[in-house]
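Engineer: Build me a structure from this.
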Amino acid sequence: MEIYDFQSKTWSTGLPMLSNRFDLNVTCLGSPLYALGGIDGRAVLNTVERFDPETGEWTYVTSMITSRCTFGVTILDNRYAYFFFN
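Structural biologist: Below is the predicted model:
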């Protein structure tokens, strides 16, 4: 993962996610970032990882019910995640 600091206008390298994935979706809820679903090269994933910018670490959180890739997600009222897909 690469991290851009808007104040210093510099890039740095962060820890990689716990799972290799592409065609995922990323959103934030407050301070943490969430990486949802995607493809690991073999299968579509339902796993969700949370990045804590304070510690710089990724952790697994509760998985989605359905495996998804190439979808949209948004957070409403800092409480609900809505998924958009075909």
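
Engineer: So which residues of this protein form strands?
Structural biologist: Per DSSP state E, the chain carries strands over the ranges 2-5, 10-13, 25-28, 33-36, 48-52, 57-61, 72-76, 80-84.

Engineer: Can you pull up the most central residue in this structure?
Structural biologist: residue 35 (1.3 Å; Cα atoms, centre = their mean).

Engineer: residues in contact with that residue?
Structural biologist: By Cβ atoms under 8 Å, 6 or more residues apart in numbering, the contact set of residue 35 is 17, 21, 24-26, 48-51, 58. For the C-beta atoms, the positions are set from N, CA and C on the backbone; glycine is no exception.

Engineer: Nearest spatial neighbour of it, chain-adjacent residues omitted?
Structural biologist: Nearest residue to residue 35 in three dimensions, chain neighbours excluded: residue 49, at 4.7 Å (Cβ to Cβ, 6 or more residues apart in numbering).

Engineer: so residue 49 bridges to which residues?
Structural biologist: residue 35, residue 60 (DSSP bridges).

Engineer: Any idea how many residues pack against it?
Structural biologist: Residue 49 is flanked by 21 other residues according to other Cβ atoms under 10 Å.

Engineer: quick one: residue 1 from residue 36, how far?
Structural biologist: Separation of residue 1 from residue 36 (Cβ to Cβ, to the nearest Å): 15 Å.

Engineer: Okay then, goodbye and thanks.
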